[in-house]
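**Q** 3D model of this:
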Amino acid sequence: MAPTASPLHSTRCADDVVELRPRGRFGPASARGLQARIDALVAAGHREIVLDMRDAELLDRGLLAGVRRTAEVLLASGGSLKLLAA
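**A** This is a model prediction of the structure:
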């Protein structure tokens, strides 16, 4: 997967690990967009995801619930989701 960028996040892939670095505020609408990006990575077969939230300012609780569900799916398939925070 080629690296991508948007105002909200960037993606970097190395050694079969995908790193997402969201930036800014994540209210309900932008949180859905980020969760859709995470879901697409899982659907594409990525099993090692790092979610670096150090540059995120506000997190919608729906995003946190979605991240938790994604972590459970990845763990069940032998993968992992690592969450980095300040």
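**Q** Give me the neighbour count for the closest residue to residue 54 other than its chain neighbours.
**A** Distances taken as Cβ to Cβ, 6 or more residues apart in numbering put residue 86 closest to residue 54, at 4.8 Å, once the chain neighbours are dropped. Placement of C-beta: from N, CA and C, glycine included. Applying other Cβ atoms under 10 Å, we find 7 residues neighbouring residue 86.
**Q** Then residue 38?
**A** Neighbouring residues of residue 38 were enumerated by other Cβ under 10 Å; the total is 23.
**Q** which residues does it contact?
**A** Contacts for residue 38 (Cβ atoms under 8 Å, 6 or more residues apart in numbering) come out as 20, 49, 51, 66, 67, 70.
**Q** again, but for residue 31
**A** Under the criterion of Cβ under 8 Å, 6+ apart, the contact list for residue 31 reads 59, 60, 62, 63, 66.
**Q** And the closest residue to the first one other than its chain neighbours, its phi and psi?
**A** Once its chain neighbours are removed from consideration, residue 59 has its nearest residue in residue 26; the separation is 5.2 Å (Cβ to Cβ, 6+ apart). When quoted as degrees, to the nearest 10, the phi and psi of residue 26 stand at phi -120, psi 80.
**Q** tell me the contacts of residue 26?
**A** Residues near residue 26 by Cβ under 8 Å, 6+ apart: 8, 34, 56, 57, 58, 59, 60, 63.
**Q** my guess is the residue nearest to residue 54 contacts residue 56, does it?
**A** No - if you go by Cβ atoms under 8 Å, residue 86 and residue 56 don't touch, sitting 9.1 Å apart.
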